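[1] need a structure here:
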Amino acid sequence: MSEPQASASSFTDFALPQPLLQALAHVGYERPTPIQAQTLPALIDGRDLLGHAPTGTGKTAAFALPALARLHEDRSTGVRVLVLTPTRELAIQVAEAFTSYASRMPDFRVLPIYGGQDYTTQIRQLKRGVQVVVGTPGRVMDHLRRGTLQLDNLQTLVLDEADEMLRMGFIDDVEWILEQTPAERQTALFSATMPRQIERIASKHLKDPMKISIEGKRETAAAIHQRVWVVSGMQKLDALTRILEVERFDGMLIFVRTRTLTTELADKLGARGFAAAAINGDMVQKQREQTVEKFKRGGIDILVATDVVARGLDVDRISHVINYDIPHDTEAYVHRIGRTGRAGRSGEAILFVAPRERGLLGAIERATASKIEPMMLPTIEAVNERRVADFRAAIDATLEAGTLGRLQTLVEAYADENDVPMPRVAAALAQMALGERPLYAVEERKTAKRERKASRDTREPQRRERAPVAANPRTDPSAPSAPLASTASTDTPERVRDRQPSSRESRPASREPRPKNTVPMEGFRVEIGSAHGVQAGHLVGAIANEAGIDSAWIGRIRIEEQHSEVELPVDMPKPVLRDLRQAWVLGRRLAISRLSDAGPGDDHTAQRNRAAAAQASERPKHRGPAGSGNKPSGKRTGTGSGPGAGTDAAGTHRKGPGGAGSKPPKKRDKAARAPRKA
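    Residues are numbered from 1 along each chain as shown. The predicted model follows:
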């Protein structure tokens, strides 16, 4: 076995076939990066490898070139290489890299497979024959269960961004896929961090791996000018607008926490005159690809995205990254700012931090080994100066174009006929060109303030009408008996303690409501409990992240053995609840549902069965790790996405309200509703 050649100065120093060297010369690769220099010899020799390296260090070429070298020597049929990635974008990027490196290899085919794309196209390509498959764990699992993907001849298996797959809840799927592959295979695992679960998978599935670690975080951060603005006294949108007005940028990537906020922020920026678009997981894959392509060509200047969809996004023109919402972990921050300052170019990263988030700022500074420079928000005067400078530059460009001709004659004639000074005519034309948007920001700020006040005056009566008075179960016998839905926010800690069940019945409430929170609350149920290792902090972080609400508005949390109950503000928007239903915590979906949706005679078991059935109906067909009991269930009678969709106790599939072709549920007789006796 050859040792890693960290001092290799050229790709010709490695045992790579000539077609690969020609392709590398064509794309302009000259010197291998540190991870490529250390990884290539081990993988070319056929060893398993455990690589600890951050994004942007050249991992794709590090595992793709050895895999292609083996394919060049062995022309066997079937899928020979399988690469698992956490996101569709990264799968597409890796597949494109394979195509580029194998451009001089005849009859080479690579296929990216991921959710959101039609199965028929993927199955047709697999039947035609491909050597390399790059896919997300869920879709790869689906094809394996269908029998449309055969791995009997697999040579090389690569796990790319393994820590991100763990964070997204795919790790059980990954382990199941590993168990379906031949024992005699080469395995390479790459991860930016090494959590305990990743180390366990490596020790279980890798054979005497070569361990390589690349410290790239500090170099990545050093190439980027980082600044932080502490949110105070101004709305973040207004602050962002000022920054966009003053900063000179080519392409900008703005990160927010939730999918809903991507579209909201992009729409608001568009209304303020910026060429912005959203990219999130709710968009059809083709639409996302078209948006990214438009951004690459310059048709869009600003992309508003979440962490997940930005994985693998590599666009040269990204000069600025703005963290509109601070990430909850330092790794996500490093990945975010890594979208700029690539390939030796400098980049700008701006972070918005609320006063309560200063602890996260300190963790980020320790992770990047650098002190983030405080940023002074541009003043109104600076914004006006930039607008005037841009206005003057536009006049200069128009004059230099020399196409005024008849328009100049028309204006001169108008000024003579109406005895109007030429500067006044020019000012009128400028006003026509500007439209409703004033040139000076002070006027714009006053207009926005008036609009916000009018909007608040409109919403306030609706809130007063909508907000119900919480029922008191002690005085109102018709009040629901759910422990959280009927609890008023004015309860004292002593009353809360008195109402808690004993430790033998369930765990005590893990989090008390904040005394200043007087917003009407209602109870929700999530399908994860103490048996799954959940703690109150996990739920607060997940809900605050997905719903985009401050943790101060998350009320009492009670953790039971198989589920948990949490108080949230009444009238939560449907898109937010949809995001929360799909959110993952510790490898499980929240599958959130209202406690008030439970029927009068429902107990916790019935509600849990109903929520579990709804959760199962949202998953792709036959999804789940081996041994979980997931089997093809035959033809379903329909689909539904509303509450109650799933399978009832008798095994009959039923649809939720609002589902396609849904029908009202049939009334059951008293015998069917009565609980069975032991």
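[2] Tell me how many other residues crowd Lys127.
    The local packing of Lys127 (other CB atoms under 10 Å) involves 9 other residues. In this view, the C-beta of every residue, glycine as well, is placed from N, C-alpha and C.
[3] ok, the residue nearest to Val526 when sequence neighbours are not counted to Arg581 distance?
    In space, not counting the residues next to it along the chain, Val526 is nearest to Leu590; the distance is 4.5 Å by CB to CB, 6 or more residues apart in numbering. As defined by CB to CB, to the nearest Å, Leu590 lies at a distance of 6 Å from Arg581.
[4] Comparing the two, which residue is more hemmed in?
    Counted by other CB under 10 Å, Leu590 and Arg581 do not tie: Leu590 has more neighbours, with 25 against 21.
[5] distance of the closest residue to Gly251 other than its chain neighbours from Phe295?
    Of all residues not flanking Gly251 in the chain, Arg317 sits nearest, at 3.9 Å (CB to CB, 6+ apart). Taking CB to CB as the measure, Arg317 falls 8 Å from Phe295.
[6] For the stretch 451-600 of the chain, which segments count as helices?
    Taking DSSP state H, counting those that start in this stretch as the criterion, the stretch 451-600 of the chain contains helices spanning 493-499, 536-547, 574-582.
[7] Run a quick neighbour tally on Gly347.
    The burial count assigned to Gly347 is 19, neighbours taken as other CB under 10 Å.
[8] Over to Glu30?
    By the measure other CB under 10 Å, the count of residues near Glu30 is 9.
[9] ok but it is inside a strand, no?
    No: going by DSSP: H, G, I helix; E, B strand; the rest coil, the assignment for Glu30 is coil, not a strand.
[10] pLDDT wise, what is the residue nearest to Val526 at?
    Taken from the predicted model, the pLDDT recorded for Leu590 is 87.
[11] list the contacts for it?
    If you count contacts by CB atoms under 8 Å, 6 or more residues apart in numbering, Leu590 has them with Val526, Glu527, Ile528, Ala542, Leu580, Arg581, Gln582, Ala583, Trp584.
[12] residues contacting Val27?
    Ser100, Tyr101.
[13] So Thr148: helix, strand or coil?
    Classification of Thr148 into helix, strand or coil gives coil, according to three-state DSSP.
[14] how close does it get to Val134?
    Thr148 is 16 Å from Val134, by CB to CB.
[15] So which of these two has more stuff around it?
    Regarding Thr148 and Val134, a neighbour count based on other CB under 10 Å identifies Val134 as having more, with 28 against 15.
[16] next one: phi and psi at that one?
    Val134 has phi and psi values of phi -120, psi 120 when expressed as degrees, to the nearest 10.
[17] Tell me how far the spatially most central residue of the chain lies from Arg167.
    Centroid check for the chain by CA atoms, centre = their mean gives Val308 as the closest residue, at 2.8 Å. Noted for Val308: a distance of 9 Å to Arg167, by CB to CB.
[18] Ok, Val585 next?
    With CB to CB as the criterion, Val585 and Arg167 are 11 Å apart.
[19] which of the helices of the stretch 451-600 of the chain is buried the deepest?
    Greatest average neighbour count among the helices of the stretch 451-600 of the chain goes to helix 536-547 (a mean of 19), per mean count of other CB atoms under 10 Å.
[20] Tell me the helices and strands packed up against that one.
    Under the contact definition 3 or more CB pairs under 8 Å, 6 or more residues apart in numbering; DSSP states H and E, helix 536-547 sits against strand 509-511, strand 557-559, strand 564-569, helix 574-582, strand 584-585.
[21] what do you get if the cut-off is 6 Å, keeping everything else the same?
    For helix 536-547, the elements it packs on are helix 574-582, judged by 3 or more CB pairs under 6 Å, 6 or more residues apart in numbering; DSSP states H and E.
[22] send the alpha carbons of the helix it packs on over as CSV?
    C-alpha atoms of helix 574-582 as CSV (Å, rounded to 0.1, in the frame of the first residue of the first chain):
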residue,chain,number,x,y,z
LYS,A,574,-51.0,26.5,7.6
PRO,A,575,-47.7,26.7,5.7
VAL,A,576,-45.8,26.8,9.0
LEU,A,577,-47.6,23.8,10.3
ARG,A,578,-46.9,22.0,7.1
ASP,A,579,-43.2,22.7,7.5
LEU,A,580,-43.3,21.5,11.1
ARG,A,581,-45.0,18.3,10.1
GLN,A,582,-42.1,17.5,7.8
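[23] and the angle from it to strand 564-569?
    Using axes from the mean of the first three to the mean of the last three CA atoms, to 10 degrees, the interaxial angle of helix 574-582 with respect to strand 564-569 works out to 160 degrees.
[24] Report all helices and strands that helix 574-582 contacts.
    Packed against helix 574-582, as judged by 3+ CB pairs under 6 Å, 6+ apart, are the following elements: helix 536-547.
[25] Okay, angle between the helix it packs on and helix 574-582 too, please.
    In terms of direction (the same axes, to 10 degrees), helix 536-547 departs from helix 574-582 by 140 degrees.
[26] next one: helix 536-547 to chain centre, how far?
    The gap between the average C-alpha position of helix 536-547 and the chain average comes to 15 Å, counting by CA atoms, centre = their mean, to the nearest Å.
[27] Which one's more surrounded, Arg317 and Phe295?
    Phe295 (24 against 14).
[28] The more buried one: which element?
    Under the criterion DSSP states H and E, the helix or strand holding Phe295 is helix 285-297.
[29] Sort out which residues of that helix are buried, please.
    For helix 285-297, the buried set under the neighbour-count rule, 16 or more other CB atoms under 10 Å, comprises Gln285, Arg288, Thr291, Val292, Phe295, Lys296.
[30] The first one is in contact with Gly116, isn't it?
    Yes: using CB atoms under 6 Å as the test, Gln285 is close enough to Gly116 to be in contact (3.9 Å).
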